[in-house]
Structure formats: C-alpha cells, structure tokens
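[1] whatever this is, show me its structure:
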Amino acid sequence: MIVPKLLAVLVAAVIATTTAVAAEEKKTTTEKMQETASDAAEKTKEATKRAVDVVAAKTREAWNKTKAYFSDDPAAYRTGATQRLHELSTEIAQLRDASGVSERLYWSTLVQALQQQHQYAMDRLLSVPQDAKRREAKRDQLDKTISYLEGHIDIAQREMRDFAPKS
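    Take a look at the predicted model:
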C-alpha cells in the first residue's frame, strides 16, 4: 500500500513539476518574443534614421550636380536656386507644423531662425548681379548660404525624429 501511495505522490510531483516547467518555458518564450519584437522595432527605427540621412545627403548632391549650379547663364542659375529655395521653404513649413515638438518654445525659435535664414538666402539671390565680374562672389555667398540652410534643416529634421513623441 505504501508503494502505490508513494507512486501516486511521485506521479503528482512529476506532473506538478512538468506543469511548472511548461509554464516557465511559456513565459520565457513570450518574453523572448517581446524582446525580439523590441529589437526589430529598434533596428527599423535606426534604419529609418539612416535612410532619411541618406535622402538628405542625396538631395544636396543633386543640387550640386544640377545644371543650374554649374551654369554660367545667370537665368538658369537663378531658376535652379529659386527652385531649391522653394523646396527648402516647404521643408521648413513641415518642421513648423511638426506634431509633438511644435508646442515647445525652443522649437518655434528654431523654426523662426530657419525662416530668417531662408529669407536671407532669398535676399542674396535677388542681389546676384547679371554681370559676370561681380556675379561670382555673390554666387559663392548664395551657394554657401543655401548649403548652411540645408545643413541646419537636416539637423532640425533629425531632432524632430528623435524627440517627437512616438505613436
């Protein structure tokens, strides 16, 4: 009689242990799935950041390679520079309207500075003279102004991505 009771207790202990181990394995599997999903989300976030940075760099390269940038024709240069400044104005407007960061006083100050820098670039564009002798120095100033404006917009876009609330 003692043997069947001992056998019954042993079977019950094995079942309880197996159930506990199975429950622990299930919990571990769930945790592993959560960790894997979290890692995948983080890798996706990093890849997205890199992609945005590449797009910004390629946009700058495209501007540098445009016919307008290399053109000695003042009209072609003015058209290309005007188009690029219009594109930058659109990017500044997107930064201004960014959700999650637009209510910060710092952010509105940053956007205002970008708008002022954009206006300065527009003024420099209007000051590029038609005669070749004086045009080169003014063009050089405008090209540098546009380059700096692009760089500052890139920084603001990265900050917006990094600090905007996650949905």
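[2] which residues are in contact with Leu95?
    By CB atoms under 8 Å, 6 or more residues apart in numbering, Leu95 lies in contact with 110-111, 114, 153, 156-157, 160. The C-beta positions use only the backbone N, C-alpha and C, and glycine is treated the same way.
[3] pLDDT wise, what is the closest residue to Arg135 other than its chain neighbours at?
    Spatial nearest neighbour of Arg135, excluding adjacent residues (CB to CB, 6 or more residues apart in numbering): Pro129 at 5.4 Å. Here, the pLDDT recorded for Pro129 equals 84.
[4] next one: the one 4 residues further on
    Note on Lys133: pLDDT of 70.
[5] output the contacting helices and strands for the strand or helix carrying it.
    Secondary-structure assignment from DSSP states H and E places Lys133 in helix 132-163. Helix 132-163 sits against helix 2-65, helix 74-96, helix 105-127, with contacts defined as 3 or more CB pairs under 8 Å, 6 or more residues apart in numbering; DSSP states H and E.
[6] per the record, what domains does this structure have?
    The record assigns the chain these domain ranges, following automatic domain parsing: 1-53, 66-167.
[7] lowest mean pLDDT across those domains, which one is that?
    domain 1-53 (a mean of 63).
[8] contacting residues around Leu88?
    118, 121, 146, 149-150, 153.
[9] make it 10 Å
    59, 63, 114, 117-118, 121-122, 146, 149-150, 152-153 (CB atoms under 10 Å, 6 or more residues apart in numbering).
[10] what's the answer for Lys138, then?
    Lys138 touches 124-125, 127-129, counting by CB under 10 Å, 6+ apart.
[11] now those: which count as buried?
    Neighbour-count burial (16 or more other CB atoms under 10 Å) is assigned, among those, to 124-125, 128.
[12] just give me the closest of these to Gln83.
    The shortest approach to Gln83 among the buried ones among the contacts of Lys138 belongs to Leu125, at 11.0 Å (CB to CB).
[13] excluding its backbone neighbours, what's nearest the closest one?
    Ala81 (5.4 Å).
[14] now that neighbour: how far from Met122?
    Between Ala81 and Met122 the distance is 9 Å, computed by CB to CB, to the nearest Å.
[15] looking at these two, which is more packed in?
    More crowded of Ala81 and Met122, by other CB atoms under 10 Å: Ala81, with 24 against 18.
[16] brilliant, that's me finished.
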